[in-house]
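> got a predicted structure here, sequence first:
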Amino acid sequence: MVGVVRHAPHLSSGSQSGMLSALPFVSACICIVHGGLLADFLLSRKILRVNTIRKLFTAIGVLLPSAFLVSLFWVRSSFSATMAFLILSSATKSLSQSGALVNFMDIAPRYRGLSQIFSYIAGAISPTVAGFFISQVRSIQLRNVFLLSAAVNIAGLFFYLIFGQAEVQDWAKGRGAPASEQTE
């Protein structure tokens, strides 16, 4: 995200820029806790079903950050708007933790660690793809990275909204499972 802001003359010291770079992560930490509490509240009061809560929080946690990241290309001349969009993107992205990212524990509690390994593959591939786009023509390099990121996120969201479930799957039930997970 360094390339988003071309010049920030008022950031003269490293401590100021370090504080600014921490703001998206601080906002995400705050929102992840509140998102989890809100999801638990909706579930405990039986306002929404587990599947609906997971899909709602995932949709919010994908659509809003995608919109903020795609918009970064057009607000790059304003340092304040860029920082605000980065902070809002991180904050709203953390809501997906209460959605699809915790859904592993709903569908296969015994295999949650193994299944999350597959979700980290994108983190290994992303720097290579972003590097390819950044090596392209300078004026469109970041726009393409943000557009591709949004497209991948939204495609994954549609797949999850269509096929996502929140019940323990038959293949995850078995002999060594706790009584709540075993088949009758």
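Cool, the structure landed.

> can we go C-alpha only for contacts and neighbour counts from here?
Fine.

> check which helix or strand residue 154 maps to.
If you go by DSSP states H and E, residue 154 is part of helix 141-163.

> mind checking the SS state of the nearest residue to residue 99 once chain neighbours are set aside?
With sequence-adjacent residues excluded and distances taken as CA to CA, 6 or more residues apart in numbering, residue 99 is closest to residue 54, at 3.8 Å. Using DSSP: H, G, I helix; E, B strand; the rest coil as the criterion, the local structure at residue 54 reads helix.

> for residue 54, grab the count of nearby residues.
Neighbourhood size, residue 54 [other CA atoms under 10 Å]: 27.

> with residue 101 instead?
For residue 101, the count of nearby residues is 15 (other CA under 10 Å).

> mind starting the numbering at 10 from now?
Noted, 10 is the first residue going forward, which turns the last one into residue 110.

> now it: how far from residue 163?
Using CA to CA, to the nearest Å, one gets 15 Å for the distance from residue 110 to residue 163.

> starting at the chain centroid, how far to the helix holding residue 163?
Helix 150-172 sits 11 Å away from the centroid of its parent chain (CA atoms, centre = their mean, to the nearest Å).

> send the alpha carbons of it over as PDB?
Backbone C-alpha positions of helix 150-172 (Å, rounded to 0.1, in the frame of the first residue of the first chain) are rendered in PDB as follows:
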ATOM      1  CA  GLN A 150      -0.700  -0.900 -11.800                       C
ATOM      2  CA  LEU A 151      -2.500  -0.400  -8.500                       C
ATOM      3  CA  ARG A 152      -5.900  -0.100 -10.100                       C
ATOM      4  CA  ASN A 153      -5.400  -3.600 -11.500                       C
ATOM      5  CA  VAL A 154      -4.300  -5.000  -8.200                       C
ATOM      6  CA  PHE A 155      -7.300  -3.600  -6.400                       C
ATOM      7  CA  LEU A 156      -9.700  -4.700  -9.200                       C
ATOM      8  CA  LEU A 157      -8.300  -8.200  -9.200                       C
ATOM      9  CA  SER A 158      -8.500  -8.400  -5.400                       C
ATOM     10  CA  ALA A 159     -12.100  -7.300  -5.400                       C
ATOM     11  CA  ALA A 160     -13.000  -9.700  -8.200                       C
ATOM     12  CA  VAL A 161     -11.500 -12.700  -6.400                       C
ATOM     13  CA  ASN A 162     -13.200 -11.700  -3.200                       C
ATOM     14  CA  ILE A 163     -16.600 -11.300  -4.800                       C
ATOM     15  CA  ALA A 164     -16.300 -14.500  -6.800                       C
ATOM     16  CA  GLY A 165     -15.500 -16.300  -3.500                       C
ATOM     17  CA  LEU A 166     -18.400 -14.600  -1.800                       C
ATOM     18  CA  PHE A 167     -20.900 -15.800  -4.400                       C
ATOM     19  CA  PHE A 168     -19.600 -19.300  -4.200                       C
ATOM     20  CA  TYR A 169     -19.900 -19.200  -0.400                       C
ATOM     21  CA  LEU A 170     -23.400 -17.600  -0.500                       C
ATOM     22  CA  ILE A 171     -24.600 -20.400  -2.800                       C
ATOM     23  CA  PHE A 172     -22.900 -23.400  -1.300                       C
END
